[in-house]
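Sequence unavailable; structure follows:
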């Protein structure tokens, strides 16, 4: 928790990163799909890496400073969600492209208004006269979400020098930006002096294997269990066959059972994790009305704490939250745990104050942070 933070900023970074594991859950009883981890210490440009346990892939939220992610982790990323295209949230596009080019077949990038054109302009800044010969073709699937929920989409392939290939427009279903059998990602716009996407990553109902019943069946774990879980979570027919293969001291074994038969005997369902990611927004009634139902009850909330509340006039001019405002929001929406990040560099020697202010607002009942804004000292 925040109260255990050490004095040095790098120690704060380690403590915050260590707290990025799902909290308040009995790990021995349930293995969760979502494994969120801030890429950097809280003064660096933002990026949230969400590893998908047992899926051999990951999601990335924002493309700030991603130098801390080794190539093997970047190559796991299937989808990138960009809150907005200020440089500190989008400058990592080039190093990301540098790693995946020639090694990865596809990458989905999702952002707000103007995003397709912004990605295209980045790509056009380079000369692509040799990449068409690379054995592995890279296709960037770029999706742009409008304020009205309507979307534009384009593909950029290394085979044709990343030329713009338009696709049919689409509309989001409510606030759902991405949906698949195991998870969904929602997004809503908040005001940062420009549209900025806040995100909620939702793990769908999670399946726990009852090991005592597994043992009673006389079988052991294997890849078939993952296939069974996928079938259940994706709504496959109960009669769909599952080929159960396992190995023990007596050798290799195999049998076939239906999804319904195995599900009813072996699996217990439980709610999945909900992770919130909120960065770069003003403390306004409109933003609070947008966020309150959207992130209500999240299990873990990553939220910016850019300024101390004493500097709230400066925070308002910069369209950012104070630590007190962030902590208050987390408490009001019923977040089970809060992870502060995106600290202003003006507090390099005062990082504990930011952490303590967020902790105090999150831990104790409080009235809404007042809007009386004293003079501040300027700066970033």
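That came through fine. Being a predicted model, the structure only gives us computed values, none of them experimental. Numbering: from 1, shown residues only.

Contacts only, for residue 321.
Residue 321 makes contact with 281-283, 303-307, 315, 329 under the criterion C-beta atoms under 8 Å, 6 or more residues apart in numbering. From N, CA and C alone the C-beta is placed, and that goes for glycine too.

For the nearest residue to residue 85 once chain neighbours are set aside, identify the helix or strand it belongs to.
Distance criterion C-beta to C-beta, 6 or more residues apart in numbering; nearest residue to residue 85, sequence neighbours excluded, is residue 118 at 5.4 Å. Taking DSSP states H and E as the criterion, residue 118 maps to helix 115-124.

Quick one: name whatever helix or strand follows that helix.
Going down the chain from helix 115-124, the next helix or strand is strand 139-145, by DSSP H and E.

just checking, what packs against the following helix or strand past that following strand?
Under the assignment DSSP H and E, the closest C-terminal helix or strand after strand 139-145 is strand 150-157. Counting contacts by 3 or more C-beta pairs under 8 Å, 6 or more residues apart in numbering; DSSP states H and E, strand 150-157 is packed against helix 115-124, strand 139-145, strand 164-171.

now the last one: mean pLDDT?
Strand 164-171 carries an average pLDDT of 94.

what distance separates the helix holding residue 118 from the middle of the whole chain?
Here helix 115-124 is found 22 Å from its chain centre; the criterion is C-alpha atoms, centre = their mean, to the nearest Å.

residues of that helix that come out buried?
Neighbour counts over helix 115-124 (16 or more other C-beta atoms under 10 Å) mark 115-116, 118-120, 122-123 as buried.

closest to residue 94 among those residues?
Checking the buried residues of helix 115-124 against residue 94 by C-beta to C-beta gives residue 122 as the nearest, at 7.0 Å.

check contacts around the residue lying closest to that closest one once chain neighbours are set aside.
Leaving aside its chain neighbours, residue 122 sits nearest to residue 93 (5.8 Å; criterion: C-beta to C-beta, 6+ apart). Contact analysis of residue 93 by C-beta under 8 Å, 6+ apart lists 63, 119, 122.

From residue 196, how far off is residue 93?
17 Å (C-beta to C-beta, to the nearest Å).

try residue 168
Going from residue 168 to residue 196 by C-beta to C-beta gives 26 Å.

Same check on residue 326?
15 Å.

Compare those two (neighbour count), which wins?
It is residue 326, of residue 326 and residue 196, that has more neighbours when counted by other C-beta atoms under 10 Å, with 31 against 24.

Buried residues of stretch 238-250, list them for me.
Under the neighbour-count criterion of 16+ other C-beta under 10 Å, stretch 238-250 has 242, 244, 246 buried.

wait, isn't residue 255 in contact with residue 244?
Yes. Using C-beta atoms under 8 Å, residue 255 is in contact with residue 244, at 5.1 Å.

okay, and the common contacts of those two?
residue 219.

Report how many residues lie close to residue 54.
Residue 54 has 11 neighbours, counted by other C-beta under 10 Å.

about what we covered before: could you take the contacts of residue 93 and lay them out as CSV, with extra columns for distance to residue 224?
Below are those laid out as CSV (distance: C-beta to C-beta, whole Å):
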residue, distance to residue 224
63, 37
119, 40
122, 43
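
ok, these vs residue 292, which is closest?
The nearest member of those to residue 292, counting by C-beta to C-beta, is residue 63 at 27.8 Å.

tell me the phi and psi of the closest one?
When read as degrees, to the nearest 10, the backbone of residue 63 gives phi -120, psi 60.

May I have the predicted confidence score for it?
We note a pLDDT of 98 for residue 63 in this prediction.

Now do the same contact list for it.
47, 80, 82, 89-93, 96.

Please enumerate the helices of the stretch 201-350 of the chain.
Secondary structure of the stretch 201-350 of the chain (DSSP state H, counting those that start in this stretch): helices at 211-217, 223-233, 259-266, 285-294, 312-318, 323-332.

looking at these, which has the lowest confidence?
Note on the helices of the stretch 201-350 of the chain: helix 223-233 shows the lowest mean pLDDT, a mean of 84.
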